[in-house]
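Asker: Kindly return the folded structure for what I paste below:
(chains A and B)
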Amino acid sequence: MTACSEMACPLFSAVGDDDRSFELSDYEGAAARWCPGCGDHSILTAVERLLVAEQLKPEQTVFVSGIGCSSRFPHYLKTYGFHGIHGRALPVATGVRLQRPDLTVFVVMGDGDCTSIGAGHWIHAMRYNMRMVALMLDNAIYGLTKNQTSPTTPQGHPSNTQPKGSYLPALNPVEVALGVTNASFVAQTAEWVPAHLFATLRAAYRHDGFAFVRILQRCPIYTPGIYQLAVQRPDVIELLVHDDGVTVPELERTYKNRVAHDPRDLDRARQLAAVGDRVRLGVFYRDETKVKYEDLRRVPTHAVQERIGLLNAELDKYAV
Amino acid sequence: MPTEILAPEPASSHPPEPTLVRRAEHTVEIVSDSGEGAQKCGQIFGAVSAKMGNGIWTVEIIPAEIQPPPRMPDGASGYRIRIGSGPVTNWGDETNLVVAFNEQVLLARHRLGALAPDAIILLESKWASHPDEDVVRAWHAALEELATRRYRVVLVPMDEQCLTLVDNPRKGKNMFALGLLACIYDRDMGRIRDQIAYAFRKKSEEVYEQNVKLLQLGYDWAQQNIDFRFDVPATPAAQPMVVMNGNEAIGMGALAAGFELCAMYPITPATSASHYLGEMFDRFGGVLHQAEDEIAAAGVAIGASYAGPVALTITSGPGLALKTEFIGLAVMTETPLVLVDVQRGGPSTGLPTKVEQSDLLAVLYGQPGDAPKVVFAPATIEECFHAMITARRIAEAFRCVVVVLSDANLATGVQPFPRPVVDERWMQTSFDQDAVPPGTKPYNWDERTGLSRRIIPGQPNGAYTLTGLEHDNRSKVAYTSGVHQHSSTMRSRKLAVLQSLLLPPAIHGDDAGDLLVVGWGSTKGAIEEAVDRLRAAGHGVSSLHLTFLSPLQPGLREAFARFKHVCTVELNYSDEPDAPFITADNRRLGQLAWLLRAATLTDVDCWTRVPGEPLRPGAIVDAIEKKLVGHRPAPNVTTLSERGAA
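Answerer: Numbers count the residues shown, from 1 in each chain, chains lettered A, B, ... in the order given. Next up is the predicted model:
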């Protein structure tokens, strides 16, 4: 995402190279107002760590979000932010990138945003493969509106809209993502494994293309128990490890279940994505050679005088 | 006198000396089954007429389906061209000469009352001797039905002639027909060939050659066999002119306005503007983004506007409905956005290819919450071009949503207009990447005007989070009543500031009288022509045409007060005042009429129709005369139309 996104564009050169260095406080916005124990806090911390680690210029970075608990995210950062409408973060981010290839774009969505009301955009954004990092903060419930079933709610889990328990098997976002033509980066991580979360975010950021990351997350109010087993028993977790994916040596002592998975192997990725006894974290798929819509579509605008010449030539064709 | 049917004598070496009739205007149409190319024929005829200096206005005749069954009245596809010596501002009333590829599509036009009582019909003759008896029977039945009017039918062996040059006359018969018209109206054959070359620029040289041969064949046949010619003298324009349709004008206007990004989703009748832009952006630079849906198209445009120069989205009614939430977001966040709505018949999928002016109130009031925005409607093809420049400037200067309300009549109508003199200031953008002083507020409202300078990502010290939640001037989420009241005021105040800069609309005719007709959008030409006819007949009628619908132009109340009655004429639905159950209390009015009553406290009446086609000046004349009679105490008044028919 870094190298290729710095497309030469004279319009956008107002901020030249500078020798500023950025600390955590340069990125910290308003105090986060999520519930104590909400997984969003640790995701925010990991993202801030990434911003510091990669020294992203705050004014050149845009966080676009939808609506929901997680979509308050941009307010808690000191970068540019766009807190839009429910389910529509991806089209907005697409517009930002089409207009401004020089900006670094992150998208923060909840499971309702991404897999329900905005599911169409999700599929197409993956296919466009624009350079951005799309984080899906998946707590498997509608929290802000107080406890309604989402597509990723585990079957049988009760909510206010489905009090007898969610009727249908939960949607598996990783499987869906791996089914989308031209998807180029699909990963899964968990908010309660900060080292893995950070490593995955960094891999996503460094990916040249659209990086989709599903972050497993607990809602302390409505879904505190859904990952309880995985939190308490590391043997339930299986890490996908590979040099082209994510490797976190410091986790190896805790997480003994590891499987070597080459992220270019799509068939294997799809097998691993299928829900089994284990919660799998890592990069399922990654292919930087996938075509990027922004490279195909954005034709840099010619200078005003040149465009006036073209327009006059065009008017000649319609002249009486 | 019944319809006179002429089968021309076999071509002789002595062509008849044709009768030359001079007319100040004439309306021509060509109708065929879908896919036989009548539209292309009509387009070329219209464009060449305009280039020769005639005023023109064109209308497409479109079947509802892409490939309707052949020889069905419902499937009539074609093109209507009104040409005149002077400027032509609307499609007029009735067709004077029609070329028909079969008698069934002709019947459709006859039944609609589209043809003048003495219209000349050039009709393909082959169906009379078709091997299928049903076809022959249908032919005779049709001609019998047509004989109820005084048409003059000239039978033309179109297929038979085309077969001397091509194997499949379905391909190219339209060029033969173009040749007939070229001869009858003495069109410049060189210009026609140029226009054919342009129309078929994506096809091979062979196709061009073939078409030119068929053109000549039609011309020669008419030369030998048709005994009349029409001369509609052209008036040389005092200034350089261009000729195009409204969607091309919107596309070209968007380029002139410096737009670099248009996000859209395919929808009739808006899409052709995007086709044009897509082709042009490849050369000018910029991107036409075909989004995955209408909602995403709005989102992409808003994302782009937020991060740089204002972007564009183009749609029609159903798309407008889908974009509603995003439009509200743009209003709330004061993100500039230009939205073109090429209106069609509604509600729902409605009449996708047909004109209507039914989106006005949806545009103005379609968002939940208070969502003030700027709305204006071009009335001519020329205004379609300039509307884009105005829209962009207002969107940027006022940091607001601007909706341009075009319609299907403007979208496909072709009209010459003075060639725009391109000004480089049109293309300049307010894109700013300089650092802002630390602490600069993202909504640094001028308390008096509500205006503020927006900060664009990339500007150092400016970072803030834009939000669709209510916010204060720091863009901090705030739900307190004081903040909502104040922020709402700031968003609304901008409209009043813009209104203070607008001119009162000009009045067509005297600025006082019995009745003032008020219109908006594409009906201007038809309304003004109707008013001219009424005034010529001695009626105290004038008209006023609104360009701005939000904010409304100043001076309306004063203008209305100078007339005894005010009546809107619109292409949308209203209840007839004398219909069952309809009373003054429950009558639903035309959309502009509602707006004007609310804004001016004037007892504004309306006459509206939803025919799925543009209004005819003659129909407006009839309607206004009835209104005038209704207002008048004298019992015995003959109307202009009655006198005309007598």
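
Asker: name the helices or strands packed onto whichever strand or helix holds A:Ala211?
Answerer: If you go by DSSP states H and E, A:Ala211 is part of strand A:210-216. On a contact count with 3 or more C-beta pairs under 8 Å, 6 or more residues apart in numbering or on different chains; DSSP states H and E, strand A:210-216 meets helix A:119-128, strand A:132-138, helix A:173-178, strand A:185-190, helix A:194-206. Quick note: C-beta positions are derived from backbone N, CA and C, even for glycine.

Asker: any idea of the angle that strand forms with helix A:119-128?
Answerer: Counting by axes from the mean of the first three to the mean of the last three C-alpha atoms, to 10 degrees, strand A:210-216 lies at 130 degrees to helix A:119-128.

Asker: what does strand A:210-216 contact?
Answerer: A:1, A:39, A:43, A:125-126, A:128-138, A:173-174, A:177, A:183-191, A:197, A:200-201, A:203-205, A:227, A:230, A:279, A:281 (C-beta atoms under 8 Å, 6 or more residues apart in numbering or on different chains).

Asker: Can you name the residue of the stretch 151-300 of chain B nearest chain A?
Answerer: B:Gly299 (2.9 Å; C-beta to the nearest C-beta).

Asker: any idea which element that residue lies in?
Answerer: Going by DSSP H and E, B:Gly299 is part of helix B:294-306.

Asker: okay, now the one residue in chain A that gets nearest to chain B: neighbour count?
Answerer: Relative to chain B, the nearest point of chain A is A:Gly95 (2.4 Å; C-beta to the nearest C-beta). Using other C-beta atoms under 10 Å in any protein chain shown, A:Gly95 has 30 other residues around it.

Asker: Report the contact partners of it.
Answerer: Residues near A:Gly95 by C-beta under 8 Å, 6+ apart: B:261, B:263, B:299-307, B:311.

Asker: 10 Å instead?
Answerer: A:Gly95 makes contacts with A:64, A:82, B:261, B:263, B:289, B:291, B:296-308, B:311, as judged by C-beta atoms under 10 Å, 6 or more residues apart in numbering or on different chains.

Asker: Tell me which helix or strand it sits in.
Answerer: A:Gly95 belongs to helix A:89-99, assigned by DSSP H and E.

Asker: any idea of the mean pLDDT in that helix?
Answerer: Average pLDDT, helix A:89-99: 97.

Asker: what's the offset of the helix or strand following it from the middle of its chain?
Answerer: Toward the C-terminus, helix A:89-99 is succeeded by strand A:104-110 as the next helix or strand (DSSP H and E). Distance of strand A:104-110 from the chain centroid (C-alpha atoms, centre = their mean, to the nearest Å) equals 5 Å.

Asker: same deal with stretch A:81-93?
Answerer: 12 Å.

Asker: Kindly report the same for stretch A:154-173.
Answerer: From the chain centre to the centre of stretch A:154-173 is a distance of 24 Å (C-alpha atoms, centre = their mean).

Asker: Which residues outside it are in contact with it?
Answerer: For stretch A:154-173, contacts defined as C-beta under 10 Å, 6+ apart pick out A:111, A:114-116, A:119, A:122, A:136, A:138, A:140-142, A:145-153, A:178, A:186, A:188, A:212, A:214, A:222-223, A:225-227, A:273-275.

Asker: Of the residues you listed, keep whichever come out buried.
Answerer: Among those, those buried by neighbour count (16 or more other C-beta atoms under 10 Å in any protein chain shown) are A:111, A:114-116, A:119, A:122, A:136, A:138, A:140-142, A:147-153, A:178, A:186, A:188, A:212, A:214, A:222-223, A:226-227, A:273.

Asker: Contact partners for the spatially closest residue to A:Cys38 that is not a sequence neighbour?
Answerer: Among residues not flanking A:Cys38 along the chain, A:Pro220 sits closest, at 5.8 Å (C-beta to C-beta, 6 or more residues apart in numbering or on different chains). By C-beta under 10 Å, 6+ apart, the contact list for A:Pro220 reads A:34-39, A:139, A:143.

Asker: For A:Pro220, give me the pLDDT.
Answerer: At A:Pro220, the model reports a pLDDT of 96.

Asker: In three-state terms, label it for me.
Answerer: coil (DSSP: H, G, I helix; E, B strand; the rest coil).

Asker: Show me what B:Ser542 bridges to in the sheet.
Answerer: B:Leu516 (DSSP bridges).

Asker: Is it correct that it is in contact with B:Asp510?
Answerer: Yes - in terms of C-beta atoms under 10 Å, B:Ser542 counts as a neighbour of B:Asp510; the distance is 5.4 Å.

Asker: what residues are up against B:Leu571?
Answerer: B:343, B:345, B:354-358, B:407-409, B:519-523, B:526, B:590-591, B:608-615.

Asker: so how far is chain A from it?
Answerer: In this view, B:Leu571 and chain A are 27 Å apart by C-beta to the nearest C-beta, to the nearest Å.

Asker: Tell me the pLDDT of that residue.
Answerer: pLDDT at B:Leu571 comes out at 98.

Asker: How about B:Ala536?
Answerer: At B:Ala536, pLDDT is 98.

Asker: and what of the one 3 residues further on?
Answerer: Among the per-residue scores, B:His539 holds a pLDDT of 97.

Asker: Phi, psi for it please.
Answerer: B:His539 adopts backbone torsions of phi -80, psi 150, taken as degrees, to the nearest 10.

Asker: That one reaches B:His631, doesn't it?
Answerer: No - applying C-beta under 10 Å, one finds B:His539 not in contact with B:His631, separated by 11.1 Å.

Asker: Show me which of these two is the more surrounded one.
Answerer: B:His539 (19 against 13).

Asker: list the contacts for the residue nearest the centre of chain B?
Answerer: In chain B, the residue lying closest to the centroid (C-alpha atoms, centre = their mean) is B:Leu410, at 1.5 Å. Contacts for B:Leu410 (C-beta under 10 Å, 6+ apart) come out as B:245-247, B:249-250, B:269, B:342-343, B:355, B:377-381, B:383-384, B:387, B:521-522, B:614.

Asker: go with 8 Å
Answerer: With C-beta under 8 Å, 6+ apart, B:Leu410 has these contacts: B:245-247, B:342, B:378, B:380-381, B:384, B:521-522.

Asker: Equivalent analysis for B:Glu29, please.
Answerer: Listed by C-beta under 8 Å, 6+ apart, the contact set of B:Glu29 reads B:42, B:61, B:78-81, B:95, B:97-99, B:109, B:114.

Asker: Also A:Lys290?
Answerer: A:Lys290 touches A:129, A:182-184, A:209, counting by C-beta under 8 Å, 6+ apart.

Asker: ok, and of those residues, which contact chain B?
Answerer: The subset of the contacts of A:Lys290 within reach of chain B, by C-beta under 8 Å from any C-beta of the partner chain, is empty.

Asker: Pipe these into a markdown table and attach neighbour count and distance to B:Gln415 per row.
Answerer: Output for the contacts of A:Lys290, formatted as a markdown table (neighbours: other C-beta atoms under 10 Å in any protein chain shown; distance: C-beta to C-beta, whole Å):
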| residue | neighbour count | distance to B:Gln415 |
| --- | --- | --- |
| A:Asn129 | 26 | 43 |
| A:Asn182 | 16 | 44 |
| A:Ala183 | 25 | 48 |
| A:Ser184 | 23 | 49 |
| A:Gly209 | 26 | 47 |
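
Asker: Now do the residue nearest to the centre of chain B against chain A, distance only.
Answerer: 16 Å.

Asker: Report how many residues lie close to B:Thr412.
Answerer: The tally of other residues near B:Thr412 (other C-beta under 10 Å) stands at 23.

Asker: still on that earlier bit, determine how far the helix holding A:Gly95 lies from the middle of the whole chain.
Answerer: Distance, centroid of helix A:89-99 to centroid of chain: 13 Å (C-alpha atoms, centre = their mean).

Asker: could you give the angle of that helix to strand A:210-216?
Answerer: If you take the same axes, to 10 degrees, helix A:89-99 sits at 150 degrees to strand A:210-216.

Asker: For helix A:89-99, list every residue counted as buried.
Answerer: A:89-99.

Asker: how many degrees apart are it and helix B:294-306 in direction?
Answerer: When the same axes, to 10 degrees is applied, the directions of helix A:89-99 and helix B:294-306 differ by 50 degrees.
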